[in-house]
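> Sequence and predicted structure below; questions after.
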Amino acid sequence: MKRVYGIKVYGKLLRVLLLISLFLYTLYPLAAQTQKKKELENKKQELQKDIDYQNKLLNEVKKNKNRSMIQLAILNNKIAKQQALINTINKELNVLEGNISEAKEGILRKETELKLLKNDYAKIIFASFKNRDSYSRIMFLFASNDFNQAIQRIKYMQYYTEARKKQAGLIEDTQRQLLTEKQEMENRVDQQSKTLSEKQTETGNLSKQKKDKEITLTDLQKREKEIRADIRKKKEQAEKLRRAIEKVIDAEIAKSIPKGKEGTGDVKKITLTPEEKDLSNNFESNKGKLPWPLAEGVITESFGKHQHPDLPGVEINNNGVNIGTNKGASVRAVFNGTVVAVASVGGMEGKVIILKHGEYLSVYSNIDEAFVRSGDKIKTKQSIGKVLTDDNAGTELHMEIWKGQTMLNPESWIVK
């Protein structure tokens, strides 16, 4: 009978071990949820940082005499970021909901485990009470059929005593874990409540921004003739800039032709030295990884020909990319190179700086003050000038990238 009971105790301990392993297994999805929540929190912080910067830009732009296309572009960017922030908060709420559900299931499992452990412990204590005196234990040994059975019974009694200690320890540990899980669930419920409140606040902010956009758009629509005239003027300036860049390219092609080969064929490509070829290859290998030409900024006009997203019938044709930034911002070189031009283009405000990177050129216009001269060697992220501020519009840098005589989309080259 004693041996049968020993087998039962052994079976109960196996069950306890199984319960512990099941508990550890449930920690893995919880860890994954925690990691996902951390990623979402990081994304929220990045989006909020962008929104805060765009608020700063809008406050600067609002000081200008009229609402401008730059203001509208910044508002569009801000609304997109605000919507992305709300979407991220929604994902975070889903994760929290999953965490709370997981915590409830964990508490239920832990309560079941605790009940089983206490029941098993009660049986062990009851059996121990029945065999509590030393005489019973000695008689249990002397009743052995042989020496080997006596040894087995001594081991059983040792195992039996150890089982009591382990069972008591498991009950204490499980009770502590249960209290911890209940506290964690309360924390998650509290966090869910705060996140819901955060969502309501951000949704209200989005609504305000959309109203602000409507006011700006209405004002711009009333000044449609003025806006169209401004677009035509910018188109003419872009054409002048294109011709100026092509002249620089032609001059670089002419300079690169080896002596004695001038006038031999229609050369349309810059002849590169081995060092320039390496620089050109390095520039090309960094496509999509080049730093921004500004420490901070918002893309206010993208590359190419396209319809304006909010003004029907208004077509934009941009040879590069426009980036709105704060007043007094410094322009940075996107890569190592040489200054090949610092010039003024007729009809355009500000200066133009052109850097050569082997076969590639990076062009920076609407520069108020240049910090470099033609022939200077430039390092990546080196400050080369200061962006011009227009009192009627705002502070905006225009940037272009060329490969030989071909215009490229700068957004494909600078880091996202």
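Cool, the structure landed.

> Can you name the residues bridging to the nearest residue to residue 344 once chain neighbours are set aside?
Leaving aside its sequence neighbours, residue 344 sits nearest to residue 351 (CB to CB, 6 or more residues apart in numbering; 5.6 Å). Just so you know, the C-beta spots here come from the backbone N, C-alpha and C atoms, and that holds for glycine as well. Here residue 351 sits in beta bridges with residue 344, residue 367, going by DSSP bridges.

> got the contact list for residue 351?
342, 343, 344, 365, 367, 368, 369, 370, 385 (CB atoms under 8 Å, 6 or more residues apart in numbering).

> Format those as TSV; extra columns: neighbour count and pLDDT.
What follows is the contacts of residue 351, written out as TSV (neighbours: other CB atoms under 10 Å; pLDDT from 0 to 100):
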residue	neighbour count	pLDDT
342	20	95
343	14	91
344	12	89
365	27	94
367	22	95
368	16	94
369	13	93
370	19	95
385	24	96
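
> circling back to that earlier point, state the distance from the residue nearest to residue 344 to residue 370.
The spacing between residue 351 and residue 370, counted by CB to CB, to the nearest Å, is 5 Å.

> Now for these two: what residues contact both?
342, 385.

> And the lowest mean pLDDT element among the helices and strands of this protein?
The element with the least model confidence among the helices and strands of the chain, by mean pLDDT, DSSP states H and E, is helix 134-142, at a mean of 50.

> thinking again about what came up before, tell me the pLDDT at the residue nearest to residue 344?
Looking at residue 351, its pLDDT reads 93.

> repeat for residue 403
Here, the pLDDT recorded for residue 403 equals 93.

> ok, it - contacts?
359, 360, 361.

> tell me which residues form a beta bridge with it?
Assigned bridge partners for residue 403, using DSSP bridges, are residue 360, residue 406.

> domain ranges for the chain?
As given by automatic domain parsing, the domain ranges for the chain are 2-222, 235-412.

> Just name the most buried of these.
domain 235-412 (a mean of 17; mean count of other CB atoms under 10 Å).

> How much space separates the residue nearest to residue 91 when sequence neighbours are not counted from residue 242?
In this structure, residue 91 finds its nearest non-sequential neighbour in residue 40, 5.6 Å apart by CB to CB, 6+ apart. Distance, residue 40 to residue 242, by CB to CB: 44 Å.

> What of residue 304?
For residue 304 relative to residue 242 (CB to CB), the value is 14 Å.

> Residue 92 too?
Relative to residue 242, and taking CB to CB, residue 92 is found at 47 Å.

> Quick test: name the residue nearest the centre of the protein.
Closest to where the C-alpha atoms of the chain average out (CA atoms, centre = their mean) is residue 43, at 4.6 Å.

> got the contact list for it?
Residue 43 touches residue 88, counting by CB under 8 Å, 6+ apart.

> need the next SSE after the host helix or strand of residue 202, C-terminal direction.
Residue 202 is part of helix 147-222 when elements are defined by DSSP states H and E. Where DSSP H and E defines the elements, the next helix or strand beyond helix 147-222 is helix 224-256.

> That next one - contacts with which helices or strands?
strand 315-318, strand 337-344, strand 351-357, strand 360-370, strand 394-403 (3 or more CB pairs under 8 Å, 6 or more residues apart in numbering; DSSP states H and E).

> Identify the residues contacting the helix or strand that comes right after it?
As assigned by DSSP H and E, the chain's next helix or strand after helix 224-256 is helix 274-285. With contacts defined as CB under 8 Å, 6+ apart, helix 274-285 is touched by 272, 335, 336, 337, 357, 358, 359, 360.
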